[in-house]
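>>> Sequence plus the predicted model coming up.
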Amino acid sequence: MREQLQSDFDKLVKTSKFSNEEIEFKKNFLKNFIKNGFPNRKQEDWKFLDISQIIKKNISDLSFFNDYSQSNKIDPSILVDGLEHNKIIFINGKIEKIDFNLEDQNKIQIIDETKKDILFDYENSLIDLNSAFSDKIFKIIVKKDYSLKKPLIIYHSTDDKIKSTNINLRLNFELGENSCLKLIDYFTNTTAKNFINIFYNFNLEKDSILKNYKIDKFRNNNLKYSFNNIEQGNNSVSETFILSAGSDYFKNEINCNLKGEYSSAFINGIFSLMENQQHEIRTTINHLVENTKSYQLIKSVLGKNSKSAYQGRIFVNSKAQKTDGYQLSKAILLDETSEFNAKPELEIYADDVKCSHGSASGSLDENSIFYLMSRGLNYQQSKELLINGFLMDVVEKITDVEIKNLIKNIIGLKE
Amino acid sequence: MDTREKDIEKLKDYKYGFTTDIENIKAPKGLNEDVIKFISNIKKEPQWMLDFRLKAYERLKQLKEPNWQKPKYPKIDYQDLYYYSAPKSMKNKPKSLDELDPKLLETYKKLGIPLQEQARLNGIAVDAVFDSVSVATTFKGELTKHGIIFCSMSEAIQKHPDLVKKYLGTVIPVTDHFFATLNSAVFTDGSFVYIPEGVTCPMELSTYFRINASETGQFERTLIIADKGSYVSYLEGCTAPMRDENQLHAANVELIALDDAEIKYSTVQNWYPGDENGKGGIYNFVTKRGLCKGKNSKISWTQVETGSAITWKYPSCILKGDNSIGEFYSIAITNNHQKADTGTKMIHLGKNTKSKIISKGISAGFSDMTYRGLVDINSKATNSSNYTQCDSLLMGNKCGAHTVPYIKNKNFDSNIAHEATTSKISEEQLHYCQQRGLNPEEAVGLIVNGFCKEVLQQLPMEFAVEAQKLVGISLEGSVG
């Protein structure tokens, strides 16, 4: 793999317009990735789903090269109807369009941060891979006291021009004091066998609000990895919702540092998996100061041959008194071949805290099905009703009504 | 305060901290084939036993010490340890208690374990292990009447080689992890229990472990076999003198329950925890594993862990037989600089298997406590269920409490429920108790005992009282 990485990187340098300084930066990341390779099950964080094996099995001829000099056509049919929104359109590994036309242009600033180093410690070779091969890295700044009027949708799309390719996206966001951003990651890709690696870095200043919704609904054969790093200042709020249902493999990682007092983080996730899908959510919430709060709710419905994993970690620093941390993961296994793994972890160094976690997994309750059937529903309908009710619980946690309705429409859940 | 007074002061905290001045026979320092042969030879073991040890040693050479655990410790120099130490008077094993070295008897008296049978009222058969050898087993006559074999491991190797050969290493194979394999290579003594078919053991069986010699590792091996339809309750207690160096204790315990059999294994672990600055203390790296081999069998672990500088153990159940049950009840208390990384593994292989885990962790001072557990329901284990509850109590903000459960459900017909909470003693509760006339320490003791009640209830009567007191003592000085 080493030679291929090197030659793909050389090709990338040749076809792109990076400055020498930027190339030096990328070389460092490449060096790290070559040293460590894809993570495997020997690493604790990758214990349940081994990405290096999964890539080997699914994409034996993975290429790292993306031609950033070519532009891609935007297929208007992928765009979401019925909701006015700002757009970032990311096709085949390249950002084709950034459109904030609905907003006050003075309040939003976009700068190039390709030369900026990663500011936090990480032990994750996929971030190295991302930084080595991604195109220009942009930072989107929402200025002080500005709330975006409309949500921002990032379209992640691939067409049949590329196959067996690793594509990378890295974006940085800065939310100024008292600002608000609603961000939807919308995965529309239906073509096969690409490995998509996304890395977002959010910096939330005092009193700011971030709402991030990740929607991977449409069945596709891509493998995806997404890493969100969220730094939170005083009284800031982050809300993350993950719908993990479409890809063959999807791992969402969220690392959240609650650095300001009264800051809070909410993570809600749904796994709805079928044939041969393997998905994972891994969260790390670091409570670093007093009076911070976190809440996590993850629900899985697992069909034939599918596997989901949830690794949630709550860390409470010895200074972080009055922390309130909560984790709950529930799973319904529908078939004898489905598998659920969980590792809800608490690491606590302060005594005046309230932290708890719960995890439950099992099959659908036959008594409830019997009840519904006795009311005239058939078996299939009863099952669907129960599953919908089970998942609806998570969707209801979404605080933005407009987006909640959009997501309900996309999922096809009715109230 | 002169040194003598200081010593007395120290003894108040850990009353088992005395040493017995007794002559010892030791194997040469270090770990090599000769030492293993020396141990095997001095115990007059048959060839197959020596082969077992050497096979383990071969394997050990390729193994690396694990380092994924939370409590880190300075590297142990395995060549700087004595692997065998026995009181000299035990060289030719005394035939009866009358021939036993009076100093040994006195030691056990001090520990509150009378070995003379006439002095015993509570009807518990005891096997006492001093450093590397078993010194006395009481109530043998009574037990033999029922066909129960309760003796030291060395004796079992001599007298019941068939049973030992058949079961030793079947639950913890020689190819297991580093410390288990180390034990397989150099284990010295321990208890052996065999309960024949259909017999309910009429009394509690108990082993008392004591480390006396310095620079010695204690490696005992316990094997309990409950044949079809039998029942046994087994207790284990341990103490060690106060020493400034850390001592290693790496035991292996194997339990095997055949059809309809039940084994109840209780531990009150009170090894020397080190002083309040974290100096000295025992490294308690124990491998305990039970196999529910037969249908409808049951294994229940109960542990009260208050001692040791570092406790690192996971008493586990392999639920192989259909309808078998595994239980784990644990209280772990760490104070000062103690560290514990403990929990359990429940591996469901058979149909309709059930397991229950109740773990209570209390940390105070500068200590660190981790619950680490695995619940694995195999795809063939239909209709199985697990319930896990682990609660932690924190006292002060210099200590830590961690929960790391691994949950793997591969069977859609099975249920797993897991709950964990972390909290502190509420001011209201403390205030209420103090208002009723308890001093703060008594109040904490009362609340903690209430917190631990679910587990304490599982202990046999005599142990429950001792454990309750121990809980109070371990937390002394942690309030206010």
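Nice, I can see it.
>>> My guess is residue B:128 contacts residue B:208. True?
Yes - contact status for residue B:128 versus residue B:208: in contact at 4.9 Å, counting by CB atoms under 8 Å. (Each C-beta comes from the backbone N, C-alpha and C, glycine too.)
>>> tell me, what residue is most central in chain B?
residue B:267 (5.3 Å; CA atoms, centre = their mean).
>>> Next, work out how far apart residue B:386 and residue B:237 are.
Residue B:386 sits 29 Å away from residue B:237, going by CB to CB, to the nearest Å.
>>> Residue A:211 now?
Between residue A:211 and residue B:237 the distance is 57 Å, computed by CB to CB.
>>> List the residues that contact the residue nearest to the centre of chain B.
B:235-238, B:301-305 (CB atoms under 8 Å, 6 or more residues apart in numbering or on different chains).
>>> Could you rerun that using 10 Å?
Listed by CB atoms under 10 Å, 6 or more residues apart in numbering or on different chains, the contact set of residue B:267 reads B:207, B:234-238, B:253, B:286, B:288, B:301-305, B:313, B:315, B:330, B:459, B:463, B:467.
>>> These in strands, which ones?
Taking DSSP state E, the ones among the contacts of residue B:267 that sit in strands are B:207, B:234-238, B:253, B:286, B:288, B:301-305, B:313, B:330.
>>> Least confident of the residues you listed?
Least confident by pLDDT among the ones in strands among the contacts of residue B:267: that is residue B:238, with 68.
>>> quick one, strands of the stretch 101-250 of chain A?
Under the criterion DSSP state E, counting those that start in this stretch, the stretch 101-250 of chain A carries strands at the ranges A:108-112, A:138-142, A:152-157, A:166-175, A:180-187, A:195-204, A:209-216, A:223-232, A:237-244, A:249-258.
>>> Which one of those lies nearest to chain B?
strand A:249-258 (16.9 Å; CB to the nearest CB).
>>> Partner strands of the helix or strand following that closest one, with direction?
Downstream of strand A:249-258, the next assigned helix or strand under DSSP states H and E is strand A:264-273. Note on strand A:264-273: by DSSP bridges, its sheet partners are strand A:237-244 (parallel), strand A:293-302 (parallel).
>>> Give me the buried positions along stretch B:159-167.
By neighbour count with 16 or more other CB atoms under 10 Å in any protein chain shown, stretch B:159-167 contains the buried residues B:163-164, B:167.
>>> Let me have those residues in CSV, extended by distance to chain A, secondary structure and pLDDT.
CSV is the format used below for those (distance: CB to the nearest CB, whole Å; DSSP: H, G, I helix; E, B strand; the rest coil; pLDDT from 0 to 100):
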residue, distance to chain A, secondary structure, pLDDT
B:163, 39, helix, 92
B:164, 37, helix, 92
B:167, 32, helix, 92
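>>> which among those residues gets closest to residue A:88?
residue B:167 (65.6 Å; CB to CB).
>>> how far does stretch B:188-205 stretch from start to finish?
Stretch B:188-205 has an end-to-end distance of 20 Å (CA to CA, to the nearest Å).
>>> cool, stretch A:81-93 as well?
Start-to-end span of stretch A:81-93 (CA to CA) is 24 Å.
>>> buried ones in that stretch?
Buried-residue list, stretch A:81-93, by 16+ other CB under 10 Å: A:85-93.
>>> What of stretch B:202-212?
Of the residues in stretch B:202-212, those buried by neighbour count under the rule 16+ other CB under 10 Å are B:203-212.
>>> Beta-bridge partners for the residue of the stretch 251-400 of chain B found nearest chain A, please?
Per CB to the nearest CB, residue B:394 is where the stretch 251-400 of chain B lies closest to chain A, at 3.9 Å. Residue B:394 forms beta bridges with residue B:363, residue B:424, as assigned by DSSP bridges.
>>> and if you look at the one 10 residues further on?
In this structure, residue B:404 has beta-bridge partners residue B:372, where bridges are defined by DSSP bridges.
>>> dump the residue contacts of it.
A:44, A:313, A:343-347, B:70, B:341, B:343, B:370-374, B:390, B:420.
>>> Could you do residue B:265 as well?
Contacts for residue B:265 (CB under 10 Å, 6+ apart) come out as B:222, B:224, B:232-236, B:253, B:255, B:288, B:290, B:299-303, B:315.
>>> related to what we said a few turns ago, export the strands paired with strand A:264-273 to CSV and append columns for distance to residue A:196, mean pLDDT and mean neighbour count.
Converted to CSV, the strands paired with strand A:264-273 look like this (distance: least, CB to CB, whole Å; pLDDT from 0 to 100; neighbours: other CB atoms under 10 Å in any protein chain shown):
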stretch, distance to residue A:196, mean pLDDT, mean neighbour count
strand A:237-244, 14, 94, 24
strand A:293-302, 22, 94, 23
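>>> Show me the helices in the chain, by range?
Picking chain A for this. Ranges of helices in chain A, per DSSP state H, are A:2-15, A:20-36, A:51-58, A:125-133, A:366-374, A:379-395, A:401-411.
>>> ah, no, chain B please
Going by DSSP H, chain B shows helices at B:3-13, B:33-42, B:47-62, B:102-110, B:140-145, B:153-159, B:161-167, B:178-186, B:427-435, B:440-456, B:461-474.
>>> Okay then, goodbye and thanks.
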